[in-house]
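Participant: Structure, please.
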Amino acid sequence: MMTQKTKSNPKPAPSPNALPDPGSNRDAGILLHITSLPSRYGIGDLGKEAYRFADQLAEAGQRWWQVLPLGPLSPDQCFSPYSSWSALGGNPLLISPELLLEDQLLTKADLRNAMVPRASQIDFPAVRTQKEILLKKAFARARPDHSFRLFCRKEQAWLNDFALFAVLKNQFSQSPWYQWPEDYKRRVPGALKKFSAANAQLIQFEKWKQYQFFRQWDQLKKYCNKKRILILGDIPVYVGYDSVDVWMNTTLFALEKDGTPRGLAGVPPDYFNRKGQLWGMPVYDWPQHQKENYRWWTERLRTNLRLFDKVRLDHFRAFASYWEVPAGETTAQFGTWKKGPGPHFFSHMENALDGLPFVAEDLGEIDESVEELRCAFRLPGMKVLQFGFGDDSGKSPHLPHHHRKDFIVYTGTHDNNTTKGWYGEELSRAGRRYLEKYLGFKVDKSNVSQLLIRMAYASVAQTVIVPLQDLLSLDGDARMNSPGCSDGNWGWSMGTLTLSKSLVSFLKDLTKTFDRNQP
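Facilitator: Next up, the predicted model:
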């Protein structure tokens with residue numbers, strides 16, 4: 001007896017501009033910080049090259065553009081994006097002069113005078129000086145309009161303190177807040193009110209720079225999302241000691257009554273560094289954060305989730321337990337492990353933020369408590385292929401045969417050498433032999449980058465992200481950061497390099513071959 005088949009109601013076709021669900025299909029992307037984009041003005045910015053890169057990502061079938069933290073940089077911290085002086089502010093160096101030209105705030109002559117030859121390394125001090133000149137010219141031509149006033153009202157909870165702090169830093173020759181005169185160091189209301197009134201125009205300029213940064217970023221993000229490109233941002237767990245956040249919230253950090261640090265952040269000695277790493281930022285007073293219902297952290301995460309579609313939590317293990325070094329120590333050797341906020345923190349954030357769109361940077365010395373915390377809140381972790389070939393045992397969790405879906409796999413990160421540099425400068429002979437055995441191919445510096453990229457795409461991990469330096473098969477000179485080394489970091493620029501049509505086709509072919517980003 002034949003039974004009649006019933007027709008199910010077909011699902012409506014998704015809108016061609018609908019954003020992909022960041023938690024469903026296999027996908028892929030590229031890691032490239034904004035500062036590294038090609039530029040005629042010494043540093044990558046939020047202008048036409050950023051839009052061009054978004055177009056190339058879309059053409060190559062990519063779904064993610066991963067960037068480093070976007071906060072303002074400090075020369076005292078060697079311009080590291082992981083030691084910003086504000087957890088909420090944006091980096092004015094990323095403001096595009098060309099977009100200011102379109103707004104009729106700069107002239108073509110202004111831009112011609114600011115052009116510099118393209119180079120593979122950023123001269124941050126020179127760029128900082130030149131960009132400030134351009135921004136002052138643009139500000140002088142700007143007229144306060146409704147959108148600027150609305151921005152100032154909406155962001156006043158952090159913007160007023162941010163702008164005041166920036167002007168005070170300039171007033172005191174960039175000295176840290178804890179060396180300012182007592183009235184300003186301790187934020188005596190009368191002194192701050194008088195200073196603000198006397199420097200109202202300078203404070204307005206700092207607010208205007210933030211307005212331009214967030215305006216240009218918002219336009220770029222909307223364009224990326226329209227192209228179905230999602231932005232993966234990054235939040236450093238700690239903020240700099242000389243930051244507006246510590247100045248305004250001294251009770252939330254491990255400080256003495258006079259403002260000096262009691263405990264400093266870092267990581268303990270390991271195979272790579274026998275003295276550990278002493279980062280110098282104050283650790284948090286987590287019980288005080290809990291008493292305040294994680295007010296500061298909630299605002300920080302909420303702000304970043306307006307900037308990004310998903311956020312990587314750098315040094316995630318500190319939420320489980322963190323390494324605290326007593327103030328006065330010159331290395332991280334004599335620290336102790338302290339308990340972090342753990343599940344209570346993430347339960348609160350899940351309710352306050354209506355979800356947890358985060359990635360856990362779970363690299364380094366990871367114990368069971370870190371893995372339990374990550375899994376309890378279903379946060380994707382990270383695997384790095386370069387870490388998988390230290391020996392030939394096949395036991396490394398970073399090797400693809402140990403991957404699981406709930407991970408993002410990288411060839412390397414911004415803290416690693418490029419894959420070509422790693423193979424030529426760091427990988428042992430035994431590691432090279434095992435890599436060839438693992439791949440079943442002859443490997444050398446000419447093909448190692450593409451082979452590891454293919455390996456990453458083939459992984460069962462839901463997401464693969466490749467640093468652009470690896471896609472371009474660049475050597476160690478293109479490395480972004482060497483942890484534990486304070487000089488020579490963060491400055492890599494594409495210069496005159498381009499993402500060629502053949503590389504776009506290479507990515508597009510891998511995307512199709514390994515079923516990533518398919519509609």
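Participant: C-alpha from now on. contacts and neighbour counts both.
Facilitator: Will do.
Participant: Can you show me the strands along the stretch 251-400 of the chain?
Facilitator: Secondary structure of the stretch 251-400 of the chain (DSSP state E, counting those that start in this stretch): strands at 263-267, 277-282, 310-313, 321-326, 336-339, 358-360, 381-384.
Participant: So for residue 366, what's the pLDDT?
Facilitator: Looking at residue 366, its pLDDT is 87.
Participant: what number of residues lie near the residue lying closest to it once chain neighbours are set aside?
Facilitator: Spatial nearest neighbour of residue 366, excluding adjacent residues (Cα to Cα, 6 or more residues apart in numbering): residue 317 at 6.9 Å. A count of nearby residues for residue 317, using other Cα atoms under 10 Å, gives 26.
Participant: do residue 447 as well
Facilitator: Residue 447 has 13 neighbours, counted by other Cα under 10 Å.
Participant: Give me the distance between it and residue 473.
Facilitator: According to Cα to Cα, to the nearest Å, residue 447 and residue 473 sit 8 Å apart.
Participant: now do residue 186
Facilitator: When distance is defined by Cα to Cα, residue 186 is 51 Å away from residue 473.
Participant: Same question for residue 185.
Facilitator: For residue 185, the distance to residue 473 under the criterion Cα to Cα works out to 49 Å.
Participant: ok, those two, which is more surrounded?
Facilitator: Summary of the neighbour comparison: residue 185 and residue 473, criterion other Cα under 10 Å, with residue 473 having more neighbours (20 against 16).
Participant: Model confidence for residue 12, exactly?
Facilitator: Residue-level pLDDT assigned to residue 12 equals 42.
Participant: Quick check, the residue nearest to residue 366 in contact with residue 362.
Facilitator: Yes - between residue 317 and residue 362 there is a contact under Cα atoms under 8 Å: 6.2 Å.
Participant: what touches both of those two?
Facilitator: Residues touching both residue 317 and residue 362 comprise residue 370, with contact defined as Cα atoms under 8 Å, 6 or more residues apart in numbering.
Participant: Can you name the element that comes right after the top helix by length along the chain?
Facilitator: Identified as the longest helix of the chain according to DSSP state H is helix 200-226. Elements were assigned by DSSP states H and E; along the chain past helix 200-226, the next helix or strand is strand 230-235.
Participant: got the contact list for that following strand?
Facilitator: Residues from elsewhere that reach strand 230-235, judged by Cα under 8 Å, 6+ apart: 19, 63-69, 82, 221, 224, 304, 307-314.
Participant: And the buried ones among those, selectable in PyMOL?
Facilitator: Buried residues among the contacts of strand 230-235 (16 or more other Cα atoms under 10 Å), as a PyMOL selection:
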select buried, resi 19+63+64+65+66+67+68+69+82+221+224+304+307+308+309+310+311+312+313+314
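Participant: Out of the contacts of strand 230-235, list just those in helices.
Facilitator: When the contacts of strand 230-235 are checked against helices (DSSP H), the matches are 221, 224, 304, 307.
Participant: out of those, who's nearest residue 295?
Facilitator: Taking Cα to Cα as the measure, residue 304 is the one of these closest to residue 295, at 14.5 Å.
Participant: contacting residues for the residue nearest the centre of the chain?
Facilitator: In the chain, the C-alpha nearest the mean C-alpha coordinate belongs to residue 68, at 2.3 Å (Cα atoms, centre = their mean). Listed by Cα under 8 Å, 6+ apart, the contact partners of residue 68 are 32-34, 81, 233-234.
Participant: give me that answer again for 6 Å
Facilitator: 33, 234 (Cα atoms under 6 Å, 6 or more residues apart in numbering).
Participant: Please report how far it lies from residue 47.
Facilitator: From residue 68 to residue 47 the distance is 17 Å (Cα to Cα).
Participant: and residue 504, how far is that from residue 120?
Facilitator: Using Cα to Cα, which is the criterion applied here, residue 504 is 22 Å from residue 120.
Participant: ugh, wrong one, residue 93
Facilitator: Counting by Cα to Cα, the gap from residue 93 to residue 120 is 17 Å.
Participant: Could you report the pLDDT at residue 16?
Facilitator: Per the predicted model, pLDDT is 44 at residue 16.
Participant: likewise residue 254?
Facilitator: 96.
Participant: now swap in residue 1 and tell me
Facilitator: Confidence at residue 1, expressed as pLDDT, is 34.
Participant: okay but residue 254 is in contact with residue 262, surely?
Facilitator: Yes - applying Cα atoms under 6 Å as the test, residue 254 and residue 262 come out as touching, 5.3 Å apart.
Participant: Compare these two (neighbour count), which wins?
Facilitator: With other Cα under 10 Å as the criterion, residue 254 and residue 262 differ in neighbour count, and residue 254 comes out ahead with 22 against 17.
Participant: Give me the phi and psi for that one.
Facilitator: Recorded main-chain torsions at residue 254 are phi -80, psi 80, according to degrees, to the nearest 10.
Participant: go on, residue 409?
Facilitator: Note on residue 409: backbone dihedrals following degrees, to the nearest 10 are phi -100, psi 140.
Participant: Quick check: beta-bridge partners of it?
Facilitator: residue 383, residue 464 (DSSP bridges).
Participant: out of the ones in helices among the contacts of strand 230-235, what pair is the most spread apart?
Facilitator: With distance counted by Cα to Cα, no two of these lie farther apart than 224 and 304, which are 16.6 Å apart.
Participant: In terms of neighbours, single out the busier of residue 93 and residue 120.
Facilitator: Neighbours were counted for residue 93 and for residue 120 using other Cα under 10 Å; residue 93 has more, 27 against 17.
Participant: OK, contacts around the residue nearest to residue 34 when sequence neighbours are not counted?
Facilitator: Nearest in space to residue 34, with sequence neighbours left out and distances taken as Cα to Cα, 6+ apart, is residue 44 at 5.5 Å. Applying Cα under 6 Å, 6+ apart, we find residue 44 in contact with 34-38.
Participant: Please repeat the previous calculation with a cut-off of 8 Å.
Facilitator: The neighbours of residue 44, taking Cα under 8 Å, 6+ apart as the test, are 34-38, 94, 493.
Participant: With residue 238 instead?
Facilitator: 83, 265, 281-283.
Participant: Three-state assignment for it, please.
Facilitator: Remark: residue 238 carries the secondary structure label coil [criterion: DSSP: H, G, I helix; E, B strand; the rest coil].
Participant: Can you give me the pLDDT of it?
Facilitator: Looking at residue 238, its pLDDT is 96.
Participant: Identify the nearest residue to residue 333 in space, disregarding sequence-adjacent positions?
Facilitator: Nearest residue to residue 333, sequence neighbours excluded (Cα to Cα, 6+ apart): residue 275, at 5.2 Å.
Participant: per-residue confidence at the one you found?
Facilitator: According to the model's per-residue confidence, residue 275 sits at a pLDDT of 88.
Participant: What separation do you get for it and residue 329?
Facilitator: If you measure residue 275 against residue 329 using Cα to Cα, the figure is 11 Å.
Participant: Likewise for residue 423?
Facilitator: Between residue 423 and residue 329 the computed distance is 36 Å (Cα to Cα).
Participant: Which of the two has more residues huddled nearby?
Facilitator: It is residue 423, of residue 423 and residue 329, that has more neighbours when counted by other Cα under 10 Å, with 23 against 14.
Participant: Break this protein down into its structural domains.
Facilitator: 27-380+462-513, 382-461 (automatic domain parsing).
Participant: What's the end-to-end length of the longest one?
Facilitator: Looking at domain 27-380+462-513, the gap from its leading to its trailing residue is 12 Å under the measure Cα to Cα.
Participant: Determine how far that domain lies from the middle of the whole chain.
Facilitator: Taking the mean C-alpha point of domain 27-380+462-513 and that of its whole chain, the gap between them comes to 6 Å (Cα atoms, centre = their mean, to the nearest Å).
Participant: now do the shortest one
Facilitator: Taking Cα atoms, centre = their mean, one finds the center of domain 382-461 at 23 Å from the center of the full chain.
Participant: the inter-axis angle of the helix or strand containing residue 53 versus strand 230-235?
Facilitator: Secondary-structure assignment from DSSP H and E places residue 53 in helix 48-59. Orientation of helix 48-59 against strand 230-235 (axes from the mean of the first three to the mean of the last three Cα atoms, to 10 degrees) gives an angle of 120 degrees.
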